[in-house]
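Visitor: here are the coordinates; sequence isn't available:
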């Protein structure tokens, strides 16, 4: 009965060929050629080239030129990139939870979070709107657009007459349920900082969280005079 080696190599718990090629490059002191890798694995060079190309596109492998032994072009060699995998697993939820939990233990947690939001909000505003005095209508429209990009799912508003912005989703809901004072104060500060960067004649003075299971409400007011936001 014939043994299917390729199937065995891709069995449960066994690294795929691409992972094996990357491991060989990581273990090698010197860059390696496609033919040398193919010889070691006992496969056709085109098979190795296919996986090398994918690793190059992913930034996992780098292409270098080797030393030429004579006339002609120097050989093309490959080595593993000496950096972390930019497409590897992430766990920002854990980081956000740790930082939010730390701030929540401070006696003035809400003020700290709001200030963090106000200092971060301007960085979220498009460069061509910063420092340019916006009309109320334009500022509210830009804020609604920003909140939509951040995942808050704001309802459409009439910027000239609006007194509130209704938010139908919280992209940080699990954190808000654990540390609502910090998370919601941060969101309030983000909105205030963004509007301040627009030099808008409107601001947000209060954010009512979860007034309904699927609704938070940001209340709009005339902007404070310069220096009143701390």
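Guide: That came through fine. The structure presented is a predicted model; accordingly, all values stated were derived computationally and were not measured.

Visitor: hmm, residue 157 is touching residue 140, no?
Guide: Yes: applying Cβ atoms under 8 Å, one finds residue 157 in contact with residue 140, separated by 6.2 Å. C-betas here are computed from N, CA, C, even on glycine.

Visitor: and those two? which has more neighbours close in?
Guide: Under the criterion of other Cβ atoms under 10 Å, the comparison of residue 157 against residue 140 puts residue 140 first, with 23 against 18.

Visitor: let's verify the more buried one: helix, strand, or coil?
Guide: Under the three-state scheme (DSSP: H, G, I helix; E, B strand; the rest coil), the conformation of residue 140 reads as helix.

Visitor: after the longest helix along the chain, which helix or strand is next? Please name it.
Guide: Ranked by number of residues, the top helix in the chain under DSSP state H is helix 180-197. Sequence order places strand 202-212 as the next helix or strand after helix 180-197, per DSSP states H and E.

Visitor: what pairs with that next one, parallel or antiparallel?
Guide: Taking DSSP bridges as the criterion, strand 202-212 pairs within the sheet with strand 215-222 (antiparallel).

Visitor: so what's residue 221 closest to, chain neighbours aside?
Guide: residue 205 (4.6 Å; Cβ to Cβ, 6 or more residues apart in numbering).

Visitor: what sits against that neighbour?
Guide: By Cβ atoms under 8 Å, 6 or more residues apart in numbering, the residues touching residue 205 are 219, 220, 221.

Visitor: re earlier: which neighbours do residue 157 and residue 140 share?
Guide: Joint contacts of residue 157 and residue 140 (Cβ under 8 Å, 6+ apart) are residue 165.

Visitor: where do the helices sit along the protein?
Guide: Assigned by DSSP H, the helices in the chain fall at 5-9, 17-27, 34-41, 45-57, 92-104, 109-124, 136-149, 173-178, 180-197.

Visitor: where does this structure have its least confident helix or strand?
Guide: helix 5-9 (a mean of 42; mean pLDDT, DSSP states H and E).
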